[in-house]
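Enquirer: Below is the sequence, then the predicted model.
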Amino acid sequence: MFDPATMAGLAYVPAGETEYRGIRWEKTQIGQACYMTIQTLESRIREKIRKSRRMVFLRDYFAALGGYDQLGLVLRQLEAHGRLVRIGKGLYAKARPNRITGKLMIAALGGFDQAAKEALNRLGG
């Protein structure tokens, strides 16, 4: 068990990292401060999307993060909040608002054509 006050139980910390398995630490003037972060499934999916260079995601891309029903709920929430656009069954693309109309559109520079090509490559077609 990890004790943040004594940092006992922290067996391995990768060099140069500021967060490892939900435990975040920072260097301060006195030494190191360590605290635990609680990440929701939504925040983990949002972070994975943000870090990815992909524009199109299969539902399976997030399967390791949670259960089938949980993923479905969070993906629908992200779709409702305008972070993702559903382009097919189990197929999502990054979204952004259109500068002219303000409506959501696919964030890929090539628009739907680029997203469709990436989706076909992802599906093996």
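Expert: Perfect, I can see it now. Computed from a predicted model, the values in this text were never measured in an experiment. Numbers count the residues shown, from 1 in each chain.

Enquirer: From now on I want contacts and neighbour counts done on CA atoms only, so please keep to that.
Expert: Fine.

Enquirer: any low-confidence regions in the protein?
Expert: Applying pLDDT under 70 to the chain flags residues 1-38, 125.

Enquirer: make it 50
Expert: For the chain, the stretches flagged by pLDDT under 50 are 1-3, 8-11, 13.

Enquirer: which residues of this structure fall in strands?
Expert: Using DSSP state E, the strands of the chain run over 19-20, 23-27, 32-36, 56-58, 84-88, 91-97, 104-106.

Enquirer: Neighbouring strands - and their directions - for the fourth one?
Expert: For strand 56-58, the pairing partners within the sheet under DSSP bridges are strand 91-97 (antiparallel).

Enquirer: What are the buried residues along the strand it pairs with?
Expert: 91-96 (16 or more other Cα atoms under 10 Å).

Enquirer: Can you spell out which residues form a bridge with the residue nearest to residue 49 when sequence neighbours are not counted?
Expert: Sequence neighbours aside, residue 94 is the residue nearest to residue 49 in space, at 7.9 Å (criterion: Cα to Cα, 6 or more residues apart in numbering). Going by DSSP bridges, residue 94 is paired in beta bridges with residue 84.

Enquirer: quick one, what contacts residue 94?
Expert: Counting by Cα atoms under 8 Å, 6 or more residues apart in numbering, residue 94 makes contact with 49, 55-56, 83-85, 106-108.

Enquirer: Output those in TSV; the columns should cover distance to residue 70 and neighbour count.
Expert: Shown next, in TSV, are the contacts of residue 94 (distance: Cα to Cα, whole Å; neighbours: other Cα atoms under 10 Å):
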residue	distance to residue 70	neighbour count
49	17	20
55	22	19
56	20	28
83	17	21
84	16	27
85	18	23
106	24	25
107	25	21
108	27	18
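
Enquirer: Thanks again, I'm all set now.
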